[in-house]
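**Student:** can't give you the sequence, but here's the structure:
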C-alpha cells in the first residue's frame, strides 16, 4: 500500500513567473522542422524553466542549479521591508454568539504586491479595507485566483496557535505555480500571518470550538483583457473570527450524489486550491438543497467514483466480518484536493494502525487505505458478504469533520450509520485529537504558537 | 445531419436567482423517507424553480406560468432609471497604430448593480474608473464571474454597428443562470451598450480592420467567505479600441496539441463563457510558447478528440476524391463554447451549401458537418484513401479567423496547408463575408446600428 504524501501524483515544479519577455529568450527548437513532418525532439516540459528568473521548489525553498549544484537565489518576499500601519478606528469585536462564518473581519490585513518587472514589493500590515481594482483587472475576467484556509486557536494559556501553516503554504505555492503566479518562501508568509494574528490577537475567540479563520489569497490584478500570465499580482491575507461548529452537538448531513455535474477531471485543476474550482458548484448545491440535502457528493466517471463532499475531502469506513475496520479515502490525483485535515486524519489513523500512537475510541484492528470508491460499492456493500458500511464523513478546515447519515444516489436514499450523538467513531475521535492539537492541549509539532517567547513549550 | 443551433444539448433554464430564503420555502420532499432506503420520488430538477421570483428563458424573455399560461413579469433591468454621468476629464484617444488589445479603455463604462433583496438597481453610464471591492468579495475567492466579447465597427457612413449582440446576450443569460446570477432581458443591455458606444463614438476607430471591443462582465461582489450564491452582483461593460488584426497580412499559427492538460469535460462548464474556464489555460499556453507554438489545441478523451484552439472554436476542412470538400467543427456540448463567430460561419457555409446564398471563393461542392474529430483523424487523413486535410483555422470574436499551418501532436509536427497569403480558402472567404456584415458593407440582419435614426438602411 503506498504511503500517504501531500505530494500529488503529478507535481508541477513552481518557478518564478515566466513572463512573455522571458519566453522571448527561449529558442523555439521545433520551428526548425517547420513545414515538415519531421519528428519533434522532445515533448513539452512539465513546467517551463524561465531563462533568468530564480525558481523555488514546492516547499518554497530555492532550487539548485542543475549544472553547478549551486543554490539559485530566489527573488523572495523580503520580511525586512515589512511596514505596519495600525488602524485609527478599531472596530468593536463581535460577541462569539453573533458570528456568521466569514462575515466579520479583524482590524488589519496583510498585502504583498508583486510585479513581473520589480518582483515582490514591501509586505504591509494595514487597516482592513477595500481593494481598488481596475474594471479590466484580470481576476474579474479570467479568474486567476487561489486561496488557502487555516485557523488560529487560543489555548488555555491564551496564546494563539496556527495549525499546520506549513502545509497551507506548500499547497499555496503549488497553486501559484499552476496559475503562472510567483512563488515565495512559505515561512515568510507564515511569519507575516503570525504577526497579523498577534496584532489582532483580541479577535481570536476563546470559547471552546471557536477560532480565527485566516484566508490567504492571491489574485491577478493586471489591468488588461489579454488572456495570459498577469504581470501584477496581489497576495493578501484577511482574518475572520468564527463561532463553534458543534455548539449544539453534531448535525449529521445528507448528501446528494449528483450524476449530472462534475467537479473535477483528469488533466484539470481539482487537485489545486484555485478559485475557479468553486464557482460552478453553487447551482448543483442549490439543487441539492431544494431536495433537502445539505451537501453534494461529487462523483466521477461511468463507475460513479466518490471524490469529494461539497468543499471537503471524503472518508468512508467499512466493518469486516473478521472484526477489522477499513478506513478509505480516495487517493490524491488531479481530482482530489490535498486537504490539510485529510492529511492530519490519515497521519493520526496510520499511527494508530502501526501502533506508534494508539488512540482511545478507534477500532482495534484498523486498516487505512487510499483507494478508489464507487457509489455502488459504498451503497450496496451492506449486502456484500462480509462487509458493512460503518461510517462516512467529510473533512476540512471549517468543520474538521462533518458526519453523514444519508446519501441520495440515483433514486435511492442510502442510510449511513451514525452513533447516538450523530457522529461515527472515527470522525468523533479525529475531531477530539485534532482539536486537542489545535488548542495546544495535546503537544504536537502541528501547532505553531504565534509568539514563541510567550507560548508554553507545546 | 442535425441542423446547427446555438441551443446546447443540455440547457439550463435561467431563472431569477434562488436565494437561501427562497429555498427555505421549498418543501424537502425526500426527507420524509429519511433513515430508510425508500425510493426517492424523483431526481433533482434541471434547475430549481424559485418559489416567488420571476423567471426568464434563455433569450431573456419572461417565461409563462406553467399552470395559467400567463406571462410572469420579470424583475428586470429598468432602462427608464438610466443615469448618465459624463466624464469631466476626457482622455486622449490613442492613435490606432499604438493600440494594444484590451489595454486602453474609453471614457465611460456601464454599471448595473443587483441585490438579492432589492433586485436590479438603476443602470448607470459613468466615467471609467476603478471598482472598490471588499477583500472578502466572493469574485476574488471563488471566481463567480462571466463575460462576453463583442465589437462595434464604423462603416463608411460613420455609424458604429454592433455585430450580433443578441447572440452575446443570449449566451450571457445562460452563463448567468449557471452561476446562480440574476438573468435579464438581453435587449435592455444591448440598448445600454448602444448608448455607451454612442457616447464614446469618437473612440470607435475607422481604419480597415479596426473596431471597438466591448466587454460585458458580471461578478459576484458579496462581502463574505461562505461558498454560495452571491447576494450582490455587478454587471458592468467596458470598451477598448483595437487595431487591425491582419494589418500586415495573415500570420498562420502553429498549435501544440497537449495530451496533458484538459480544458473542459462532460458535466463541466466548458460550454459556458465563465471566467473560471480561462485561468488554468495560461500555464499550458506558456509551455506551448516555449516550444515555439502560438496556441494550444485542446484535446479530450483517450481518442484525443479535437475541441478548441486556445480561446477559439475550431474549423477543419477535408478534400475528397469526388471533388467535394467537407467542413467540420465539433458539435456543441459541455466542452464546446457556443461561439458567435462559429455560429456565423456555420450559417454562411450552410447557405452556400444549400444554394440559398452562394459565396465566391468557396468550394462548389461543400458539405458542412458538426461532428467529432480526432487528432489521428486530422493528422493522418492525408494517408487515408480519398481524403486530404485541406485547411484548419480557429475562429472567435478577436481575430474572426486564425489560420493554422502546423500542429505539434505527440512527437510529430503535422503540416497543415495554407494558401500563398498564409490562409486557407474557407477562412479567407469567411473573414471577407463577416467583416462585410460587421461594417455594413454587406446588408445583414446581423448588424445593429447604434443609432437607428442616423444609420443607413442596412
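**Tutor:** Ah, there it is. Since the structure is predicted, the reported quantities are computational estimates derived from the model, not experimental observations.
**Student:** residue A:115: neighbour count?
**Tutor:** 16 (other CB atoms under 10 Å in any protein chain shown). For every residue, glycine as well, the C-beta is placed using N, CA and C.
**Student:** sorry, wrong one. I was asking about residue A:124.
**Tutor:** 18.
**Student:** mind checking how far residue A:105 is from residue A:127?
**Tutor:** To residue A:127, residue A:105 is 11 Å away according to CB to CB, to the nearest Å.
**Student:** what about those two, which has more around it?
**Tutor:** residue A:105 (24 against 14).
**Student:** thinking the more buried one is in contact with residue B:137, fair?
**Tutor:** No: with contact defined as CB atoms under 8 Å, residue A:105 does not reach residue B:137; the gap is 11.9 Å.
**Student:** domains in chain A, by residue range?
**Tutor:** A:63-242, A:253-439 (the TED database).
**Student:** in TSV, list those along with distance to chain B.
**Tutor:** Output for the domains of chain A, formatted as TSV (distance: least, CB to the nearest CB, whole Å):
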stretch	distance to chain B
domain A:63-242	3
domain A:253-439	3
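**Student:** and these as JSON lines, adding mean pLDDT?
**Tutor:** Listed next are the domains of chain A as JSON lines, based on pLDDT from 0 to 100:
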{"stretch": "domain A:63-242", "mean pLDDT": "94"}
{"stretch": "domain A:253-439", "mean pLDDT": "93"}
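**Student:** can those go into CSV with extra columns for distance to residue B:121?
**Tutor:** Listed next are the domains of chain A as CSV, based on distance: least, CB to CB, whole Å:
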stretch, distance to residue B:121
domain A:63-242, 17
domain A:253-439, 22
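**Student:** looking at the ones you listed, which is nearest to residue B:198?
**Tutor:** Evaluated over the domains of chain A, closeness to residue B:198 peaks at domain A:63-242, with 19.8 Å, by CB to CB.
**Student:** ok so, going back, nearest approach to residue B:226 belongs to which of the domains of chain A?
**Tutor:** Minimum separation from residue B:226 across those (CB to CB) falls at domain A:63-242, 5.3 Å.
**Student:** how far off centre is the closest one?
**Tutor:** For domain A:63-242, the separation from the chain centroid amounts to 14 Å (computed by CA atoms, centre = their mean, to the nearest Å).
**Student:** number of residues surrounding the nearest residue to residue A:331 once chain neighbours are set aside?
**Tutor:** Spatial nearest neighbour of residue A:331, chain neighbours left out: residue A:370 (4.2 Å); criterion: CB to CB, 6 or more residues apart in numbering or on different chains. Per other CB under 10 Å, the neighbour tally for residue A:370 reads 18.
**Student:** and what of residue A:244?
**Tutor:** The number of residues packed near residue A:244 is 15, by other CB under 10 Å.
**Student:** setting aside sequence neighbours, what's the nearest residue to it?
**Tutor:** Spatial nearest neighbour of residue A:244, excluding adjacent residues (CB to CB, 6+ apart): residue A:209 at 2.9 Å.
**Student:** my read is that the one you found contacts residue A:245, right?
**Tutor:** Yes: applying CB under 8 Å, one finds residue A:209 in contact with residue A:245, separated by 6.1 Å.
**Student:** next, the residue lying closest to residue A:203 once chain neighbours are set aside: secondary structure please.
**Tutor:** Closest residue to residue A:203 in three dimensions, ignoring its sequence neighbours and counting by CB to CB, 6+ apart: residue A:106, at 4.3 Å. At residue A:106, secondary structure determined by DSSP: H, G, I helix; E, B strand; the rest coil is coil.
**Student:** tell me who's in contact with residue A:106.
**Tutor:** Contact analysis of residue A:106 by CB atoms under 8 Å, 6 or more residues apart in numbering or on different chains lists A:128, A:196, A:200, A:203, A:212, A:238, A:239, A:240, A:241.
**Student:** which ones are touching the spatially most central residue of chain A?
**Tutor:** Among the residues of chain A, the one closest to the centroid is residue A:339, at 4.9 Å (CA atoms, centre = their mean). Neighbouring residues of residue A:339 by CB under 8 Å, 6+ apart: A:312, A:313, A:395, A:396, A:397.
**Student:** mind checking which of those residues are in strands?
**Tutor:** A:313, A:395, A:396 (DSSP state E).
**Student:** circling back: now neighbour count too, for the contacts of residue A:339, in a markdown table please.
**Tutor:** A markdown table is the format used below for the contacts of residue A:339 (neighbours: other CB atoms under 10 Å in any protein chain shown):
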| residue | neighbour count |
| --- | --- |
| A:312 | 22 |
| A:313 | 24 |
| A:395 | 27 |
| A:396 | 20 |
| A:397 | 20 |
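**Student:** what ranges do the strands span in the stretch 201-350 of chain A?
**Tutor:** Using DSSP state E, counting those that start in this stretch, the strands found in the stretch 201-350 of chain A span residues A:211-220, A:232-242, A:253-258, A:295-300, A:305-309, A:313-320, A:325-329.
**Student:** and the angle from the fifth one to strand A:313-320?
**Tutor:** In this structure, strand A:305-309 runs at an angle of 130 degrees to strand A:313-320, with axes from the mean of the first three to the mean of the last three CA atoms, to 10 degrees as the basis.
**Student:** got the buried residues for stretch A:229-246?
**Tutor:** Neighbour counts using 16 or more other CB atoms under 10 Å in any protein chain shown place A:229-243, A:245-246 of stretch A:229-246 among the buried residues.
**Student:** still on that earlier bit, put together JSON lines for the contacts of residue A:106, with distance to residue B:288 on each row.
**Tutor:** Below are the contacts of residue A:106 laid out as JSON lines (distance: CB to CB, whole Å):
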{"residue": "A:128", "distance to residue B:288": "41"}
{"residue": "A:196", "distance to residue B:288": "39"}
{"residue": "A:200", "distance to residue B:288": "45"}
{"residue": "A:203", "distance to residue B:288": "46"}
{"residue": "A:212", "distance to residue B:288": "43"}
{"residue": "A:238", "distance to residue B:288": "36"}
{"residue": "A:239", "distance to residue B:288": "40"}
{"residue": "A:240", "distance to residue B:288": "40"}
{"residue": "A:241", "distance to residue B:288": "46"}
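**Student:** a markdown table please, covering the strands of the stretch 201-350 of chain A and showing distance to residue A:449.
**Tutor:** Formatted as a markdown table, these follow (distance: least, CB to CB, whole Å):
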| stretch | distance to residue A:449 |
| --- | --- |
| strand A:211-220 | 14 |
| strand A:232-242 | 16 |
| strand A:253-258 | 33 |
| strand A:295-300 | 34 |
| strand A:305-309 | 32 |
| strand A:313-320 | 27 |
| strand A:325-329 | 30 |
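**Student:** end to end, how far does stretch A:220-230 reach?
**Tutor:** With CA to CA, to the nearest Å as the measure, stretch A:220-230 spans 5 Å from end to end.
**Student:** now what about stretch A:431-448, what contacts it?
**Tutor:** Outside stretch A:431-448, the residues touching it (CB under 8 Å, 6+ apart) are A:151, A:153-157, A:159, A:161-166, A:190, A:194, A:209, A:211, A:246, A:341, A:344-345, A:348, A:359, A:361, A:400-401, A:423, A:449, A:455-458.
**Student:** list the contacts of the helix or strand in which residue A:353 is found.
**Tutor:** Using DSSP states H and E, residue A:353 falls within helix A:340-354. With CB under 8 Å, 6+ apart as the test, helix A:340-354 has contacts from A:3-4, A:6, A:150, A:163-164, A:167-168, A:171, A:313, A:315, A:327, A:329, A:357-359, A:362, A:366-368, A:370, A:395-397, A:400-401, A:426, A:430, A:433-434, A:437, A:446.
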